[in-house]
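Chemist: Below: sequence and its predicted model.
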Amino acid sequence: MGIYALLSGVSLVLVLLYQLSWAIGGYLVSKEFHQTALERIIKAPMSFFDSTPTGRILNRFSNDMRVADTQVTPSGSTTVIRFATLVGSIILMCVLLPWLIIVFIPMVLIFVYTQQYYSSTSRECRRLDKISKSPIFAFFTQSIRGSSVVRAYQQMKVFEEQMHKFISDNQQIYWQANQVNRWLSVRLELLGSVISCLIGFFGVLFSDSLGSAVVGLMISLSLVLGGSLNWTLRTFVDFESHLTSVERILHYAKNTPQEGVLFDESTSQQIIPKKSVQEDWPAYGTIHFANVCCRYRDDLPFVLNNFELQINAQEKIGICGRTGAGKSSLITCLFRLIELSEGTIFIDGEDIAKLDLSLLRSRLSIIPQLPLLFPGTIRDNLDPFHNYSDDHIWAALGSVQMKEYISILPGELNATVADRGDNFSVGQKQLLCLARAILKDSKILILDEATASVDPETDQLIQVTIRSVFKHCTILTIAHRLSSIIDCDRVVVLDKGSVLELGPPKFLLEDTHSAFYQLVNAC
């Protein structure tokens, strides 16, 4: 009894250590997978999101991550235990009766063949199951975002039928995967029955030399052998199929392209520029676009073609042109959301392609057409890195006439901002974005039609604030309403990614044949 108690205690400790090692190891590995994939996705270029459906990304971080978190570790642990139990039973029976090796050798070969045949089929079924779920996620997300348009055009039935089709396609694959499991169960149970029958035959044949106790042990082991074969193979294949989710996550963690990574032709390697600049860079705000050519993907035409423009310090530049002329692409290149195919952009003499992305973007300010606020507080939205004092924040709010409104909110600067800033009007959100730019105090400010979505009163307030607060800054204004750039120092008219006209708006309007004159008259 003492030996039995000792063995039980050792077994308990070993099982505990075994389960803890799997649980802790699985948690750490899964956490590392998620963190690495998330960092790669966040740093992916805009072209990746343009070409990758949202549902595919959601599927990776929801269904695949759930499998990696909750199923890979248990299935792997169970596979090892069941395999060890199966091997131990076979070894024990072969030690008791060596003649059984004649039985187990062909049975093992059959088992291995069945495992390989089933594993390849089951693995592909699981992979198809996961692939067929991505359209469901993508279509559901698109339907929610466009629900107002769908209802306006009375297309609910069409969208329901499309969703039913996606779900039906997924369920067909799921049903096929279950049928593959049933196929395996029948064959492994049959294999186990044959083994049990042969072991019983040998047990009876050699009963005199083995003894009744040994024969009984062998027969009892053989009766559960069929089930052990079935569950060992099933758990192994489940573990292998669950690893397809890990494979899909690792694909994003390793193969997702990264923005800000350049190709060094001299070493044929990818590098991340880390050139240092002065603390006050850019001190003047001069910008030089030197023969800039760029496109969003290699298989698409150029959106900027040999674009050449010199912008002086503190100059106010208006950028206009017809749809598709390259206005937004110009700003996209300035922030390096897409890398240049040819040419160079200089800011205060520094080639921005040689700078770290976070450094470059931290020194530029932009007020977008659609203002964006993040869930959190007023302070977090204006100063997310807590670099400024309360006095600086209140001064910025005072410059846009939002100080009085924020001061009456519960918590003042710690007042809650809802998701997307839904507890503020569009005009208030735009003013908060303007206050954020004032607080940042950059020498270069980009306005992407910042007043297009606000009322005339807020429009006037923003224009006055920009003229007074940012008079010592270089300002680039993308204009859809040409009245917002009439007061600029110069106007750039773009056409097919090149400079069509350039000059003071007064002179361009005096020429009745100019493209700018035609655009103003068309408004």
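Modeler: Arrived safely, thanks for sending.

Chemist: Then residue 502 would be within a strand, right?
Modeler: Yes. Assigned with DSSP: H, G, I helix; E, B strand; the rest coil, residue 502 falls within a strand.

Chemist: and the nearest residue to it once chain neighbours are set aside, helix, strand or coil?
Modeler: Using CB to CB, 6 or more residues apart in numbering and skipping the chain neighbours, the partner closest in space to residue 502 is residue 492 (5.4 Å). All C-beta spots, glycine's among them, are computed from the backbone N, C-alpha and C. Classification of residue 492 using three-state DSSP returns strand.

Chemist: and residue 492, how many neighbours?
Modeler: For residue 492, the neighbour count with other CB atoms under 10 Å is 25.

Chemist: Specify the beta-bridge partners of it.
Modeler: residue 319, residue 502 (DSSP bridges).

Chemist: Now do the domain split for this structure, please.
Modeler: The chain breaks down by automatic domain parsing into domains covering 12-255, 287-522.

Chemist: Would you mind checking the average pLDDT for the last one?
Modeler: The average pLDDT for domain 287-522 rounds to 87.

Chemist: Ok, the longest one next?
Modeler: Averaged across domain 12-255, the pLDDT comes to 84.

Chemist: any chance you could map the helices in the stretch 351-500 of the chain?
Modeler: Counting by DSSP state H, counting those that start in this stretch, the stretch 351-500 of the chain has these helices, from start to end: 357-362, 378-382, 390-399, 403-407, 426-440, 456-469.

Chemist: out of those, deepest packed?
Modeler: Greatest average neighbour count among the helices of the stretch 351-500 of the chain goes to helix 426-440 (a mean of 22), per mean count of other CB atoms under 10 Å.

Chemist: what's the distance between that helix and the middle of its chain?
Modeler: Taking CA atoms, centre = their mean, to the nearest Å, one finds helix 426-440 lying 28 Å from the centre of the chain it belongs to.

Chemist: Give me the contacts around it.
Modeler: 365-368, 371-373, 378, 381-383, 388, 392-393, 396-397, 399-402, 405, 421, 424, 445, 450-451, 453-455, 457-458, 461-462, 465-466, 469-470 (CB atoms under 8 Å, 6 or more residues apart in numbering).

Chemist: at 6 Å what do you get?
Modeler: 365, 367, 371, 373, 382, 388, 396-397, 399-400, 402, 421, 453-455, 458, 469 (CB atoms under 6 Å, 6 or more residues apart in numbering).

Chemist: Stretch 42-50 now?
Modeler: Against stretch 42-50 from outside (CB under 6 Å, 6+ apart): 256-259, 296-297, 337.

Chemist: again, only this time at 8 Å
Modeler: Stretch 42-50 is touched from outside by 256-260, 296-297, 332, 337-339, with contacts defined as CB under 8 Å, 6+ apart.

Chemist: distance between the ends of it?
Modeler: For stretch 42-50, the first-to-last residue distance is 14 Å (CA to CA, to the nearest Å).

Chemist: Only the buried residues of it, if you could.
Modeler: 44-45, 47-48 (16 or more other CB atoms under 10 Å).

Chemist: quick one: which of those is nearest to residue 517?
Modeler: Among these, residue 47 lies closest to residue 517 (CB to CB), at 36.4 Å.

Chemist: Pretty sure that closest one sits in a strand.
Modeler: No. Counting by three-state DSSP, residue 47 falls outside a strand, being helix.

Chemist: Of the contacts of stretch 42-50, grab the buried ones for PyMOL.
Modeler: What follows is the PyMOL syntax selecting those of these that are buried according to 16+ other CB under 10 Å:
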select buried, resi 256+259+260+296+332+337+338
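
Chemist: Put together TSV for the contacts of stretch 42-50, with secondary structure on each row.
Modeler: As requested, the contacts of stretch 42-50 are exported to TSV (three-state DSSP):
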residue	secondary structure
256	coil
257	coil
258	coil
259	coil
260	coil
296	coil
297	coil
332	helix
337	coil
338	coil
339	coil
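
Chemist: Which two of the contacts of stretch 42-50 have the greatest separation?
Modeler: Farthest pair in the contacts of stretch 42-50, by CB to CB: 256 and 332, 19.8 Å.

Chemist: for stretch 343-362, the distance to its chain's centre please.
Modeler: That offset, for stretch 343-362, works out to 26 Å (CA atoms, centre = their mean).

Chemist: just stretch 204-219 next, same as before
Modeler: Computed by CA atoms, centre = their mean, the chain-centroid distance of stretch 204-219 equals 62 Å.

Chemist: Check the separation of the first and last residues in that stretch.
Modeler: Across stretch 204-219, first to last residue, CA to CA, it's 10 Å.

Chemist: And that stretch, what's buried?
Modeler: Neighbour-count burial for stretch 204-219, counted by 16+ other CB under 10 Å, picks out 206, 210, 214-215, 217-218.

Chemist: which residues touch that stretch?
Modeler: With CB under 8 Å, 6+ apart as the test, stretch 204-219 has contacts from 93, 96-97, 99, 196, 199-200, 203.

Chemist: How are the strands of this structure distributed by residue range?
Modeler: Counting by DSSP state E, the chain has strands at residues 262-264, 269-271, 287-294, 304-311, 316-321, 342-347, 350-351, 365-367, 376-377, 416-417, 444-448, 474-478, 490-495, 498-503.

Chemist: Any idea how far the third one is from the middle of the chain?
Modeler: This means strand 287-294. Distance, stretch centre to chain centre, for strand 287-294: 30 Å (CA atoms, centre = their mean).

Chemist: Would you list the strands that that strand pairs with, along with their directions?
Modeler: Here, using DSSP bridges, strand 287-294 pairs with strand 304-311 (antiparallel), strand 342-347 (antiparallel).

Chemist: Is it correct that residue 476 is in contact with residue 447?
Modeler: Yes. Using CB atoms under 8 Å, residue 476 makes contact with residue 447 at a distance of 7.1 Å.

Chemist: between those two, who's got more neighbours?
Modeler: Just comparing residue 476 and residue 447: by other CB under 10 Å the higher neighbour count belongs to residue 447, 28 against 25.

Chemist: Find the nearest non-adjacent residue to the more buried one, please.
Modeler: In space, residue 447 is closest to residue 477, 4.4 Å off (CB to CB, 6+ apart).

Chemist: what's the answer for residue 307, then?
Modeler: residue 292 is the one closest to residue 307 (CB to CB, 6+ apart), at 4.3 Å.

Chemist: same check, this time on residue 401
Modeler: According to CB to CB, 6+ apart, the nearest residue to residue 401 is residue 461 (6.3 Å).

Chemist: residue contacts, the one you found?
Modeler: 400-401, 431.

Chemist: And those, which is closest to residue 13?
Modeler: residue 431 (65.5 Å).

Chemist: where's that closest one relative to residue 399, distance?
Modeler: 10 Å (CB to CB, to the nearest Å).

Chemist: Select the longest helix from this structure.
Modeler: Assignment by DSSP state H gives helix 156-205 as the longest helix of the chain.

Chemist: measure the residue located most distally from the centre of the chain to residue 214 for me?
Modeler: Ranked by distance from the centre of the chain (CA atoms, centre = their mean), the top residue is residue 208, with 68.9 Å. Distance of residue 208 to residue 214, given as CB to CB: 11 Å.

Chemist: Out of the domains of the chain, flag the one nearest residue 280.
Modeler: domain 287-522 (8.7 Å).

Chemist: Please state the offset of that closest one from the chain centre?
Modeler: 27 Å.

Chemist: end to end, how far does that domain reach?
Modeler: Start to finish, the residues bounding domain 287-522 are 30 Å apart (CA to CA).

Chemist: now do stretch 476-483
Modeler: 15 Å.

Chemist: Same question for stretch 487-496.
Modeler: 25 Å.
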